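In: Model the structure of this input:
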Amino acid sequence: MVKNTTLTAAIVFLASVCTAQSGWAAEKAADKPAQKPVQKAQPSGNATMAAAKAFEKVSKELYPKAKKEGALIIYSVWDIEHIRAISDAFSKRYPGIKTSYWQGRNPEIVTRVLTEFQGGQPSVDTILSDNAPSVLRAAGAMASYETVQKDVLVLHDPTLPTVSLQVQALTYNTKKLKPADLPKSWEDVANPKYKGLVALDDPMRAGPLSSMLAGLWTQWNDQTRFNKFIKGLKALNVPVHKSTSAMFRLVVAGEYEICMPALLHDVIHDKEKGTPIDYVKSVPPIVFPRQAGIYAKAPHPSAAKLFAEWLISEEGQKTIDGIGRESSRNDFKSKTSIEMAFPKGTKAIPVTDKLYLEDPKKWLDRNVKPIWEG
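Out: Numbers count the residues shown, from 1 in each chain. Next comes the predicted model:
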């Protein structure tokens, strides 16, 4: 009974901390200007060579310091097997740096780091995630670090190294939908003719559909058009899903015809296995940054910087590609790179809205909730 009471008290405490910290982070975000990712042009061969030289130089500078620190602590939302593969490859490349990790969901990472930050704890070095680093930056819990390889990145943030991308593709079941009947754009998915046929991500959960909406919001810059799109999605009259991968599996199984949205690496992986799945190559992908942010009180700051630079290097990107995640570089060729997966000249739609990046709940409450729940 005593144990149960203690556990209940702990859960209540954590819930209150999460609520309070989220509000505190939002206030901090409102008080200070935010950095946001900038989409970079396709680099030249000279840029690739310059990035390689810059990496070798910074690697030689940071490795002795990082080796002296002797460790690297990672908090990440990535799959455990992915974290292990990356950390093992890093340790092999840089002997003498012992890596450890803790895996959790983005809200759990934010709550844990903010609690440790307020307590002045030098607890973690690197936050390897998508939403979490920007939210933590708004609260002052992230150190600013600009990669020396910035000129080869698809999305560059001058304070948070972008090491991978979330690439969203408009996906469909090839047995259920004929080429002539495909949506011609993201916006076209809201066409009434697709009513009941779309596996729809929950737009209010700060998942892929939420980030897509933020990207389209910036690209369109048209409130009326945006509102009409949200209303059209709601009028599809389909249940919303809390898991992108589970939603994708329903489309593969033929329970729905269209996945709104799917992640490019999942689509290509399944397509290679012969499943009836493909994506509309004429519809530009949505790209969202995945970053390796450095904690403001990192106990091993040199190791954290070296880890971020290595992840962006060609060797690190090969490791990321090997686990099925998309490269953050414009010059990295793989099956999941935008240049290989889409027609030449395709311009991806980046998610750069600073309010969405640093407080997705506030952005959704302001721009989506009144229409979606109204």
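In: Just checking the distance from stretch 360-374 to the centre of its chain.
Out: For stretch 360-374, the separation from the chain centroid amounts to 20 Å (computed by C-alpha atoms, centre = their mean, to the nearest Å).
In: And it, what's buried?
Out: The neighbour-count check on stretch 360-374 (16 or more other C-beta atoms under 10 Å) flags 360-364, 367-368, 371-372 as buried. Placement of C-beta: from N, CA and C, glycine included.
In: Alpha carbons only: can I get stretch 296-303 in PDB?
Out: C-alpha atoms of stretch 296-303 as PDB (Å, rounded to 0.1, in the frame of the first residue of the first chain):
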ATOM      1  CA  ALA A 296      23.200  23.700 -22.000                       C
ATOM      2  CA  LYS A 297      24.700  21.900 -19.000                       C
ATOM      3  CA  ALA A 298      26.200  19.000 -20.900                       C
ATOM      4  CA  PRO A 299      28.900  17.100 -18.900                       C
ATOM      5  CA  HIS A 300      30.700  16.200 -22.100                       C
ATOM      6  CA  PRO A 301      30.200  19.100 -24.500                       C
ATOM      7  CA  SER A 302      33.100  18.300 -26.800                       C
ATOM      8  CA  ALA A 303      31.800  14.700 -27.200                       C
END
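In: Grab the nearest non-local neighbour of W102.
Out: The spatial neighbour of W102 that comes closest, neighbours along the chain excluded (C-beta to C-beta, 6 or more residues apart in numbering), is Y75 at 5.2 Å.
In: Give the next helix or strand downstream of the helix or strand hosting the one you found.
Out: Using DSSP states H and E, Y75 falls within strand 71-76. Per DSSP H and E, strand 71-76 leads on to helix 80-93 as the next helix or strand towards the C-terminus.
In: hmm, back to that, make TSV from the buried residues of stretch 360-374 and add pLDDT and secondary structure to it.
Out: Listed next are the buried residues of stretch 360-374 as TSV, based on pLDDT from 0 to 100; DSSP: H, G, I helix; E, B strand; the rest coil:
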residue	pLDDT	secondary structure
P360	94	helix
K361	94	helix
K362	96	helix
W363	97	helix
L364	97	helix
N367	97	helix
V368	98	coil
I371	96	helix
W372	97	helix
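In: quick one: contacts for the residue nearest the centre of the chain?
Out: In the chain, the C-alpha closest to the average C-alpha coordinate belongs to D130, at a distance of 3.4 Å (C-alpha atoms, centre = their mean). Under the criterion of C-beta atoms under 8 Å, 6 or more residues apart in numbering, the neighbours of D130 are 77, 106, 166, 288-291.
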